[in-house]
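**Q** Pasted the sequence and its predicted model underneath.
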Amino acid sequence: MSNVEAEPAVMRCGAPGDDERPTSVSRVDVLPARDVPLGGPRSMTVRRTLPLRDRPLIGAWCFADHYGPDEITDRGGMALAPHPHSGLQTVTWLFSGEVEHRDTLGTHALVRPGEINLMTGGYGIAHSEVSTPRTTVVHGVQLWVALPEEHRNARRDFQHHAPGPVRVKGAEVRVFLGSLVGEVSPVRTFTPLLGAEVILRPRMTVSLSVDADFEHGVLVDSGDVRVSGTLLQRAELGYVPPGADTLTLTNESDGPARTILLGGTPFEEEIVMWWNFIGRTHEDIVKAREDWEASSDRFGAIEGFPGGRLPAPTLPNATIKPRRNPPRH
């Protein structure tokens, strides 16, 4: 998915400077979502929790959009024209609907609920996303992962995986990245990561063993979920700092509650993110935008999309300034 804001935020993000870690879960920070309309007045609105001014990253996770359930029949469906990505990986995870994906590797794939589609932009890739004719409702999350410097110009790649459900007491878990509840995803990443869908039964509690070196985020799709004593409501993201080897989730609702659990080791590099590009300097972003607008070979061409490309927004008349996660205590 593209960040199609007319004036995308400019930010420079970095890891905290304090390496001390708590020995247990000392807090859960509640990160609110902001509504972002995509593509004009007839488009859907997404709820964005990453990046935020005070929390641009959770591990290498640098972007999180939560959308739907949205009825799209009267709007002619979802159609994101070819657009570029560089310096990152995109992760698409649907709860409902079906999306046709095409990219400049020649990939032509269907994105379905419960199946991860991970695309590596590296030096540069472009893709399009179009809901299929039988899709009436779209609902899911779109996530981005920042690539570390040594892999920032990695080759284009596309991976698909359909994880099976793992039933534990009080919940059903699908692990699409990393490892959890004894399941290990085969999908390759460039930094240690966790990504899983956790569906909690009504009024049930589940305790999950997690990597204490990870920081974690719990994004609530439906229901009211208490994370280690802190209540999270729909579209809120709870941040848990490193140090916890167990996360306790409680569904405070009379129906099922669905969450997306994200995690990763703190990302120690400073990055610059604007529109669909991640670099290390303002000049990296300028160059990527110039290459896209010039239709250079860097991003390639997509076959089979009935329309033109998505133009890049205008760059702000300013140099990108640093922005960091708050220090760890």
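**A** Here it is on my side, so go on. Nothing here was measured: the structure is a model prediction, and the numbers come from that model.
**Q** would residue 74 count as being in a helix?
**A** Yes. Counting by DSSP: H, G, I helix; E, B strand; the rest coil, residue 74 is part of a helix.
**Q** Could you measure from it over to residue 95?
**A** 21 Å (Cβ to Cβ, to the nearest Å). (Each C-beta comes from the backbone N, C-alpha and C, glycine too.)
**Q** Give me the distance between residue 36 and residue 88.
**A** Using Cβ to Cβ, residue 36 is found at 18 Å from residue 88.
**Q** Over to residue 238?
**A** Where residue 88 is concerned, residue 238 sits at a distance of 24 Å (Cβ to Cβ).
**Q** tell me the SS of the most centrally placed residue in the chain?
**A** For the chain, residue 143 is the residue whose C-alpha lies nearest the centre (Cα atoms, centre = their mean; 1.3 Å). Following three-state DSSP, we place residue 143 in the strand state.
**Q** what's the pLDDT at it?
**A** On the pLDDT scale, residue 143 is placed at 98.
**Q** do the same with residue 20
**A** In this model, residue 20 is scored at 43, pLDDT.
**Q** need the contact list for the residue nearest to residue 145 when sequence neighbours are not counted.
**A** Distances taken as Cβ to Cβ, 6 or more residues apart in numbering put residue 89 closest to residue 145, at 4.3 Å, once the chain neighbours are dropped. Listed by Cβ atoms under 8 Å, 6 or more residues apart in numbering, the contact partners of residue 89 are 118, 119, 120, 121, 144, 145, 147, 189, 190.
**Q** Please repeat the previous calculation with a cut-off of 7 Å.
**A** 118, 119, 120, 121, 144, 145, 147 (Cβ atoms under 7 Å, 6 or more residues apart in numbering).
**Q** how about low-confidence regions in the stretch 1-150 of the chain?
**A** 1-26, 39-43 (pLDDT under 70).
**Q** circling back: what kind of secondary structure is the residue nearest to residue 145 in?
**A** strand.
**Q** Let me know the distance separating it from residue 274.
**A** For residue 89 relative to residue 274 (Cβ to Cβ), the value is 17 Å.
**Q** ditto for residue 73
**A** Taken as Cβ to Cβ, the span from residue 73 to residue 274 is 34 Å.
**Q** And residue 187, by the same measure?
**A** Distance from residue 187 to residue 274, by Cβ to Cβ: 27 Å.
**Q** out of those two, which sits in the busier spot?
**A** residue 274 (24 against 20; other Cβ atoms under 10 Å).
**Q** more crowded one of residue 36 and residue 88?
**A** Higher neighbour count among residue 36 and residue 88: residue 88, with 24 against 17, using other Cβ under 10 Å.
**Q** if we can go back for a sec, and residue 74 and residue 95? Which one has more around it.
**A** residue 95 (20 against 8).
**Q** how much space is there between the closest residue to the more buried one other than its chain neighbours and residue 124?
**A** Distances taken as Cβ to Cβ, 6+ apart place residue 139 nearest to residue 95, at 4.3 Å, with adjacent residues excluded. Note on residue 139: its distance to residue 124, by Cβ to Cβ, is 30 Å.
**Q** same deal with residue 181?
**A** Residue 181 is 36 Å from residue 124, by Cβ to Cβ.
**Q** The two: which has the busier surroundings?
**A** residue 124 (21 against 17).
**Q** so that one touches residue 83, yeah?
**A** No. Taking Cβ atoms under 7 Å as the definition, residue 124 is not a contact partner of residue 83, at 11.6 Å.
**Q** now do the same end-to-end measure for stretch 62-78.
**A** Terminal residues of stretch 62-78 lie 24 Å apart, using Cα to Cα, to the nearest Å.
**Q** What lies in contact with it?
**A** By Cβ under 7 Å, 6+ apart, the residues outside stretch 62-78 that reach it are 1, 13, 33, 42, 44, 46-51, 56, 96, 99, 129-131, 135-146, 219, 221, 235, 237, 273.
**Q** Tell me how far residue 156 lies from residue 304.
**A** Distance from residue 156 to residue 304, counting by Cβ to Cβ: 17 Å.
**Q** Equivalent analysis for residue 166, please.
**A** Using Cβ to Cβ, one obtains 36 Å as the distance from residue 166 to residue 304.
**Q** List the buried residues in the helix or strand hosting residue 47.
**A** Assigned by DSSP states H and E, residue 47 belongs to strand 45-50. Residues 46, 47, 48, 49, 50 are the ones in strand 45-50 that count as buried (16 or more other Cβ atoms under 10 Å).
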